[in-house]
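Colleague: below is the structure, and that's it, no one-letter string:
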């Protein structure tokens, strides 16, 4: 049960309907009564947390939210205060994001119970067990406190007909993990799918719906810098975007990064894309590994930590890229199975143009297994690309990809690690990204009409436009960074919202009015009618 909320409502609706930055702070009294204040801040008050929010996604593709907590308070109080502030500032966005998401995220009694059991595992581990001495479990506990406080605060403030259940929040915060929990129960009730017996259209549909993201780390030819970038593939109805900064001044002894910047969404406490930069100098990005082997899904169990939470915890507690990767495969839920790439800025010397042998790691998971690989040597050769296919040979063998390709070798352009369309495009064109402008252009690359590797298919490109194939799952953003810009306690990200478009390539901007009916019929509240945004920049608001 959460304590009674005291809330100062100072023209909140008018405050959040403009693109002006607003500030809010939150405090708590000895009776656990919380109060959120806008303007008129007292210099003598000890606020638990402070937030800056700009509601600008309809103008430039991204809202901006920065939250900083006060280290004089216990970690548990800081987490709760941060959750409450985020809910208050993004109240409207949470509700409409829920409307956009609810038809995409599966939900039934089994799934609901699984999420309840998983939370009980985390809470009981800390409150009744030895979890308070485990860095992963204790920091997962703090995330649960932050999450529950966000839910409680939202429902304290929302109109009666806009209140949301915990399951409805799960559909937002844990949507990516939820897909695999749903698949677990589907396999257990309906049996395994033999993917080798599916026809080419069915395989392509699975590829389109389950494939998420492209990513690239590029070492400049003169070794003077590293560029890194990512685009997210999913339903374009999800494009209520927020770039977030969590400057959480937790006191537990495991914290290494107090400030984390990441691309995100309303009501989500992680990136989900995923794209993170931490104040300790770790850059972590992922693309999803698609599984064509249903026999692994029963290994998913609730006595674990969801991928969304593990990623945020790893950013917070890890001292190096190797440690990040090793932490990530602990408490593996087997849900939202990804290839995470982690670059340690501290092991790259741009002045001497040298890279330590343990600077760049990947972590990959499937249900029941997680693998870590040091791939620094690959990056030192020039680039590392990621495109939804496992790198680790054991995981690749377990994925079912080989069997699907053996049924029809033409499927290699979708699924083969070495000769899939994106693998070939990355290998052929990475040299065009040696300038930062070239890199930004390439992370949005799609010339499916003329590129032979795309085979005339708008999905077979670095930045998918699957809507041109009748799908609603597109690449709908890009986030890029420059290693040399992460200096003097500054974190900078360059971002653009919306699917790629290219007049020269004959690809027009995405518009709901001309989108496929299966897409335009879905709720898409608070999204622009036409996506023609330009690149913007975001830097941390708070010192670390």
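Modeller: That came through, no problem. In this text the structure is predicted, and so the values were computed from the model without any measurement. Numbers count the residues shown, from 1 in each chain.

Colleague: what residues sit buried inside whichever strand or helix holds residue 125?
Modeller: In this assignment (DSSP states H and E), residue 125 forms part of helix 109-127. Across helix 109-127, burial judged by 16 or more other Cβ atoms under 10 Å covers 110, 111, 114, 115, 118, 119, 121, 122, 123, 125, 126. From N, CA and C alone the C-beta is placed, and that goes for glycine too.

Colleague: and it, average pLDDT?
Modeller: Across helix 109-127, the average pLDDT comes to 98.

Colleague: how about stretch 521-528?
Modeller: Here stretch 521-528 scores 96 as its mean pLDDT.

Colleague: likewise stretch 480-489?
Modeller: 94.

Colleague: ok, residues contacting that stretch?
Modeller: Counting by Cβ atoms under 8 Å, 6 or more residues apart in numbering, stretch 480-489 makes contact with 224-230, 277, 279, 281, 283, 343, 345, 348, 350, 436, 439-440, 443, 492-495, 540, 543-544, all of which sit outside it.

Colleague: any low-confidence regions in the stretch 351-500 of the chain?
Modeller: Judged against pLDDT under 70, the stretch 351-500 of the chain has no low-scoring part.

Colleague: hang on, the earlier thing: quick one: which of the buried residues of helix 109-127 is nearest residue 515?
Modeller: residue 111 (28.9 Å; Cβ to Cβ).

Colleague: residue 501 is in contact with residue 532, isn't it?
Modeller: Yes - counting by Cβ atoms under 8 Å, residue 501 touches residue 532, with 7.4 Å between them.

Colleague: hang on, residue 388 in a strand?
Modeller: No - according to DSSP: H, G, I helix; E, B strand; the rest coil, residue 388 belongs to no strand; its state is coil.

Colleague: who are the contact partners of residue 209?
Modeller: Shown in contact with residue 209 (Cβ under 8 Å, 6+ apart): 471, 473.

Colleague: how does it look with 6 Å?
Modeller: For residue 209, the contacting residues are residue 473, by Cβ atoms under 6 Å, 6 or more residues apart in numbering.

Colleague: does it count as helix, strand or coil?
Modeller: helix.

Colleague: if I look at it, how far off is residue 153?
Modeller: In this view, residue 209 and residue 153 are 34 Å apart by Cβ to Cβ, to the nearest Å.

Colleague: quick one, grab the pLDDT at residue 44.
Modeller: Value for residue 44, per-residue pLDDT: 82.

Colleague: helix/strand/coil for it?
Modeller: Three-state assignment for residue 44 (three-state DSSP): coil.

Colleague: counting neighbours, what do you get for it?
Modeller: A count of nearby residues for residue 44, using other Cβ atoms under 10 Å, gives 4.

Colleague: pull up the distance across stretch 391-405, start to finish.
Modeller: 16 Å (Cα to Cα, to the nearest Å).

Colleague: going forward, begin numbering at 46 instead of 1
Modeller: With the count now opening at 46, the last piece we talked about shows up as stretch 436-450.

Colleague: of all the residues in that stretch, which ones are buried?
Modeller: By 16+ other Cβ under 10 Å, the buried positions in stretch 436-450 come out as 436, 437, 440, 441, 443, 444, 445, 446, 449, 450.

Colleague: list of residues touching the helix or strand harbouring residue 185?
Modeller: Secondary structure from DSSP H and E places residue 185 in helix 180-202. Contacting residues not belonging to helix 180-202 are listed as 47, 50, 120-121, 124-125, 127-129, 131-133, 136, 139, 167, 170-171, 176-177, 208, 214, 299, 314, 350, 354, 358, 361-362, 375-376 [Cβ under 6 Å, 6+ apart].

Colleague: how much does that helix deviate in direction from helix 154-172?
Modeller: 120 degrees (axes from the mean of the first three to the mean of the last three Cα atoms, to 10 degrees).

Colleague: immediately after helix 180-202, which helix or strand?
Modeller: Counting by DSSP H and E, what follows helix 180-202 is helix 211-218.

Colleague: could I get the average pLDDT for that following helix?
Modeller: Averaged across helix 211-218, the pLDDT comes to 98.
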